[in-house]
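Asks: no letters, just coordinates:
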Ligand code: UDP
Ligand code: MG
């Protein structure tokens with residue numbers, strides 16, 4: 001058995017060595033083969049040199065340096081592609097994802113789970129703003145997405161080789177890994193932990209980066225925004241017809257009203273027609289998008305007598 005750690009690093013010169021020093025005894029205690037794959041996501045500080053130093057003293061440390069900052073998701077994916085462990089753990093190198101949990105996650109893997117999610121029980125280290133926006137966002141994502149991403153889970157997970165291979169084989173480019181890791185199915189479980197503060201440095205997720213990740217989450221897991229136009233058009237059209245009926249009844253019962261009132265349902269009906277036709281185009285667009293993502297129609301767990 002071999003475990004691969006996939007560790008994305010962006011400007012982490014202050015944390016990579018601490019991470020390595022904490023992970024090493026944990027991995028040695030697990031008494032299995034291991035590798036640590038650090039993906040340096042275009043750091044501008046001394047991360048590259050720190051990683052070279054680690055790799056020089058330990059051949060199990062593997063380093064990939066990106067040509068620029070491509071983002072955490074790309075870095076994790078690259079780590080997956082270079083890993084060859086029977087199971088793969090993805091975790092941050094800032095100490096927020098505790099390496100001490102790896103043996104517990106590995107036990108779950110041995111019990112037959114393909115995805116072991118690290119679930120954040122407490123997030124006291126994060127700002128009230130981050131916790132509130134994350135909570136609202138995940139509620140929204142949960143309600144609109146076809147794949148239900150478990151609550152309070154992030155990118156800290158242990159995955160079986162077949163899950164990693166399935167995720168890597170997805171042709172879509174803007175991968176939202178935590179969505180895909182849930183989408184693949186198989187037996188999934190949780191290990192709870194308290195998310196502590198970073199050991200050093202500060203978060204690299206600016207509001208812009210956070211928004212981009214949030215957008216990728218919605219687009220990769222839901223066609224709900226595309227379905228809005230048709231819904232608005234149909235509701236608007238229905239209300240416009242009700243408006244016409246109301247005016248006809250008023251006119252028939254001899255109530256006097258300005259002729260201009262007829263314009264209201266006329267305008268809203270015309271606008272609704274526009275929404276409906278746009279909504280119909282969106283149905284095709286959603287289909288095209290699904291085709292372009294080109295995910296497999298199914299993933300087989302196992303077979304009998306085949
Ligand atoms: N990271 C990365 N590329 C980026 C941003 C972050 O590889 O563009 C790495 C970072 O070095 C860390 C992990 O992704 O190991 C999580 O980032 P961070 O701790 O800044 O995010 P937070 O925990 O605050 O959400
Ligand atoms: Mg962090």
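Replies: Okay, I see it. Keep in mind the model is a prediction, meaning the values are calculated, not measured. Ligands and ions are numbered 1, 2, ... in the order given.
Asks: where does residue 87 land on pLDDT?
Replies: We note a pLDDT of 97 for residue 87 in this prediction.
Asks: wait, it touches residue 160, no?
Replies: Yes - taking Cβ atoms under 8 Å as the definition, residue 87 is a contact partner of residue 160 at 5.6 Å. The C-beta positions use only the backbone N, C-alpha and C, and glycine is treated the same way.
Asks: between the two, which one's more packed in?
Replies: When neighbours are counted by other Cβ atoms under 10 Å, residue 87 and residue 160 differ, and residue 87 comes out ahead with 25 against 21.
Asks: who does the more buried one form a beta bridge with?
Replies: Beta-bridge pairing for residue 87 (DSSP bridges): residue 3, residue 160.
Asks: what do you get for residue 116?
Replies: Beta-bridge partners of residue 116, as defined by DSSP bridges: residue 158, residue 189.
Asks: ok so, going back, where do the contact lists of residue 87 and residue 160 overlap?
Replies: residue 109 (Cβ atoms under 8 Å, 6 or more residues apart in numbering).
Asks: how near is the residue in the chain sticking out farthest from the centre to ligand 2?
Replies: Distance from the C-alpha centroid of the chain peaks at residue 254, with 60.2 Å (Cα atoms, centre = their mean). According to Cβ to the ion, to the nearest Å, residue 254 stands 71 Å off from ligand 2.
Asks: over to residue 89?
Replies: Taken as Cβ to the ion, the span from residue 89 to ligand 2 is 16 Å.
Asks: just to check, residue 241 is in contact with residue 265?
Replies: Yes - under the criterion of Cβ under 8 Å, residue 241 makes contact with residue 265 at 7.4 Å.
Asks: okay, the two: which has more neighbours?
Replies: Each of residue 241 and residue 265 has its neighbours counted (other Cβ under 10 Å); residue 265 has more, 20 against 14.
Asks: look at that one and give its secondary structure.
Replies: helix (DSSP: H, G, I helix; E, B strand; the rest coil).
Asks: ok, the nearest residue to residue 198 once chain neighbours are set aside - contacts?
Replies: Spatial nearest neighbour of residue 198, chain neighbours left out: residue 94 (4.2 Å); criterion: Cβ to Cβ, 6 or more residues apart in numbering. Residue 94 makes contact with 12, 15, 19, 198-201, according to Cβ under 8 Å, 6+ apart.
Asks: mind running it again at 10 Å?
Replies: Taking Cβ atoms under 10 Å, 6 or more residues apart in numbering as the criterion, residue 94 is in contact with 7, 9, 12, 14-16, 18-19, 196-204.
Asks: what does residue 230 give?
Replies: When contacts are counted by Cβ under 10 Å, 6+ apart, residue 230 touches 275-283.
Asks: find the residues that touch each one of residue 241 and residue 265.
Replies: The contact sets of residue 241 and residue 265 overlap at residue 272 (Cβ under 10 Å, 6+ apart).
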